[in-house]
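Enquirer: Got a predicted structure here, sequence first:
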Protein chains: 6
Amino acid sequence: MNEAWLQSLVTANAQEGWDLAVKLSRMGVKVTQPSAEARDRLRAIYAEDADSLIAASHVVAINFQTVAAANNYWRK
Amino acid sequence: MNEAWLQSLVTANAQEGWDLAVKLSRMGVKVTQPSAEARDRLRAIYAEDADSLIAASHVVAINFQTVAAANNYWRK
Amino acid sequence: MNEAWLQSLVTANAQEGWDLAVKLSRMGVKVTQPSAEARDRLRAIYAEDADSLIAASHVVAINFQTVAAANNYWRK
Amino acid sequence: MNEAWLQSLVTANAQEGWDLAVKLSRMGVKVTQPSAEARDRLRAIYAEDADSLIAASHVVAINFQTVAAANNYWRK
Amino acid sequence: MNEAWLQSLVTANAQEGWDLAVKLSRMGVKVTQPSAEARDRLRAIYAEDADSLIAASHVVAINFQTVAAANNYWRK
Amino acid sequence: MNEAWLQSLVTANAQEGWDLAVKLSRMGVKVTQPSAEARDRLRAIYAEDADSLIAASHVVAINFQTVAAANNYWRK
């Protein structure tokens, strides 16, 4: 929780914003389960569970809302 | 996660915005489960589960909020 | 997913906006389960499940946020 | 779904806004389960289930966001 | 549902805003389960259930979004 | 619920905003389960449950939306 891994919400384009939303979602898991070994083990299970995958997509969608707003939706 | 599949959140109209929201929701699953074979297998199951379908609709709704805001709701 | 069923998010009044939010929620299910027969079958089940009904109401609420914002909340 | 029960999102004060959010949440259930008898029966069950109650509170919270924004948060 | 317990969303500071968000979350439960005895009984159960606690925190977070926006985030 | 632990939503940078979102999420649990012993015991369980971890990440994402908006997304 104390490492500085988040420099900015501003990204060069929508694609990078999406990738950042995925990163935020994963860091939200890591803050509760810091063990990479445990996370890898659990991912192998939930990657085969439709409801878990939908729930994971949901979290990315919420974080993408934040990143997209931060970037004024990358409008030209 | 590194392919550039998202060019822009701006769409020509509300219908295309909806379709983009569906795509974002699916990419949110794909980022965790990259195997198309696994996703197809799982979809066959959750397409017959009411709660899973409602959860999937929920994710589309969240992503549609983002896309709609990005397009100023396609107001004329 | 390719049919153009969504013309606009702008509605004449709040009531029509609500009805559109319900439609969006159902289309979010239809995009995953295109079979009307399957959806009818599943609805008979989840209409008798309190948690499913609350989840369905949740999705309508999210979509209504989008439609209401698109219409500036139908303020006079 | 075709009855006009929603006249406006504008309310006289925060309390009435909250009451409207509760109404919207219930109408989101009614649109899927139109039978008052069935809804009463189900409510007796989920009113004794902590997770269902939390989920119901969640839906009210989402609808309250919409109503509060529509009223500029009843700021003076 | 008819008692006037909500006077305003404006609070003196962020802390009071948070406390109001907690109150809104609890009132969202109370509107479905008016019995204090039943709510106390259920809380004893869900206070020992991690998923219920996370779900309760989720509702507070949603309500806090509303209260924080109402107060312009208590920016100076 | 009556301790003043939340001074402000304004943070020096995005990283501190994220950390605050994590804190808000945990305080949302603490308000229902005040016992540190109970929370530690429960965390040991849900840290090994993929769905719980995703749900926890979801709450952080919601709170991060609030904190990020409060800080105008730390745009320069």
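Expert: Yes, it's here.
Enquirer: Can you classify A:Glu48 by secondary structure?
Expert: Remark: A:Glu48 carries the secondary structure label coil [criterion: DSSP: H, G, I helix; E, B strand; the rest coil].
Enquirer: Just to check, it is in contact with B:Ala38?
Expert: Yes: taking contact to mean Cβ atoms under 8 Å, the distance of 6.8 Å between A:Glu48 and B:Ala38 places them in contact. From N, CA and C alone the C-beta is placed, and that goes for glycine too.
Enquirer: Next, the contact list for A:Val67, please.
Expert: If you count contacts by Cβ atoms under 8 Å, 6 or more residues apart in numbering or on different chains, A:Val67 has them with A:9, A:11, A:17-18, A:20-21, A:24.
Enquirer: for A:Thr11, same thing?
Expert: A:17, A:19-20, A:67, A:71.
Enquirer: how close does the closest residue to A:Trp74 other than its chain neighbours sit to chain D?
Expert: Here the nearest residue to A:Trp74 in space, its sequence neighbours aside, is A:Ala14; by Cβ to Cβ, 6 or more residues apart in numbering or on different chains that works out to 4.8 Å. From A:Ala14 over to chain D the distance is 25 Å, taken as Cβ to the nearest Cβ, to the nearest Å.
Enquirer: Can you name the residue of chain A nearest to chain F?
Expert: Using Cβ to the nearest Cβ, A:Gly28 is the residue of chain A that sits closest to chain F, at 3.0 Å.
Enquirer: Could you look up the SS state of that residue?
Expert: Assigned state for A:Gly28: helix (three-state reduction, three-state DSSP).
Enquirer: So it sits against F:Ala55, correct?
Expert: No: with contacts defined as Cβ under 8 Å, A:Gly28 does not count as touching F:Ala55, sitting 9.9 Å away.
Enquirer: Show me which of these two is the more surrounded one.
Expert: The neighbour count for A:Gly28 versus F:Ala55, taken as other Cβ atoms under 10 Å in any protein chain shown, is higher for A:Gly28 (27 against 24).
Enquirer: Just name the shakiest helix or strand of chain A by mean pLDDT.
Expert: Of all helical and strand segments in chain A, the minimum by mean pLDDT, DSSP states H and E falls on helix A:36-46, at a mean of 95.
Enquirer: quick one: it near chain B?
Expert: Yes: interface with chain B: helix A:36-46 contributes A:43, A:46 (Cβ under 8 Å from any Cβ of the partner chain).
Enquirer: A:Ala68 against B:Ala70, yeah?
Expert: Yes: with the criterion set as Cβ under 8 Å, A:Ala68 and B:Ala70 qualify as a contacting pair; they are 6.5 Å apart.
Enquirer: ok and the residue in chain A nearest chain E?
Expert: Scanning chain A for the residue nearest chain E gives A:Thr32, at 9.6 Å (criterion: Cβ to the nearest Cβ).
Enquirer: That residue in helix, strand or coil?
Expert: In the three-state summary, A:Thr32 is assigned as coil, counting by three-state DSSP.
Enquirer: count of residues packed around the closest residue to it other than its chain neighbours?
Expert: Counting by Cβ to Cβ, 6+ apart, A:Thr32 lies nearest to F:Ala56, which is 4.9 Å off, once chain neighbours are set aside. Here the count is done by other Cβ under 10 Å, and F:Ala56 has 30 residues near it.
Enquirer: Name the SS class of F:Ala56, please.
Expert: Applying three-state DSSP: F:Ala56 is helix.
Enquirer: tell me the contacts of A:Met27?
Expert: Taking Cβ under 8 Å, 6+ apart as the definition of contact, the neighbours of A:Met27 are A:5-6, F:18.
Enquirer: Quick check: nearest residue in space to A:Leu53, chain neighbours excluded?
Expert: Using Cβ to Cβ, 6+ apart, the nearest residue to A:Leu53 is B:Val29, at 4.7 Å.
Enquirer: follow-up on the earlier one: can you give me the pLDDT of the residue nearest to A:Thr32?
Expert: Looking at F:Ala56, its pLDDT stands at 98.
Enquirer: That one contacts A:Val29, doesn't it?
Expert: Yes: proximity of F:Ala56 to A:Val29 meets the contact threshold set by Cβ under 8 Å, at 7.3 Å.
Enquirer: joint contacts of the two?
Expert: When contacts are counted by Cβ under 8 Å, 6+ apart, the set common to F:Ala56 and A:Val29 is empty.
Enquirer: one step back: ok, the residue nearest to A:Trp74 - how many residues close by?
Expert: 22.
Enquirer: Now for it: which residues touch it?
Expert: Contact criterion Cβ under 8 Å, 6+ apart gives A:68, A:71, A:73-74, B:6-9 as the residues in contact with A:Ala14.
Enquirer: Next, show the common contact partners of A:Ala68 and B:Ala70.
Expert: With contacts defined as Cβ under 8 Å, 6+ apart, the residues adjacent to both A:Ala68 and B:Ala70 are A:74, B:9.
Enquirer: just to revisit the earlier point, pick out the most distant pair among the contacts of A:Thr11.
Expert: Within the contacts of A:Thr11, two members stand farthest from each other by Cβ to Cβ: A:Asp19 and A:Asn71, at 12.7 Å.
Enquirer: Those two - which one has more neighbours?
Expert: Neighbours per residue (other Cβ under 10 Å) separate A:Asp19 from A:Asn71, with A:Asn71 holding more: 22 against 18.
Enquirer: I'd say the more buried one and A:Gly17 touch.
Expert: Yes: the pair A:Asn71 / A:Gly17 is scored as a contact, 5.7 Å apart, by Cβ under 8 Å.
Enquirer: burial count for the residue of chain A found nearest chain C?
Expert: Chain C sits closest to A:Ile54 of chain A, with a gap of 9.6 Å, by Cβ to the nearest Cβ. Burial of A:Ile54 is recorded as 25 neighbouring residues (other Cβ under 10 Å).
Enquirer: What distance do you get for the closest residue to it other than its chain neighbours to C:Val22?
Expert: If you skip the residues right next to it in sequence, A:Ile54 has B:Ala55 as its closest partner in space, 4.7 Å away by Cβ to Cβ, 6+ apart. Plainly put, B:Ala55 is 17 Å away from C:Val22 if you go by Cβ to Cβ, to the nearest Å.
Enquirer: what's the answer for A:Thr66, then?
Expert: From A:Thr66 over to C:Val22 the distance is 27 Å, taken as Cβ to Cβ.
Enquirer: Ok, A:Tyr73 next?
Expert: Per Cβ to Cβ, A:Tyr73 is found 27 Å from C:Val22.
Enquirer: just A:Ala70 next, same as before
Expert: When Cβ to Cβ is applied, the distance between A:Ala70 and C:Val22 equals 31 Å.
Enquirer: How about the secondary structure of the residue in chain A that chain D sits nearest to?
Expert: Closest contact between chain A and chain D, by Cβ to the nearest Cβ, is at A:Ile62 (12.7 Å). In terms of secondary structure, A:Ile62 is helix; the call rests on three-state DSSP.
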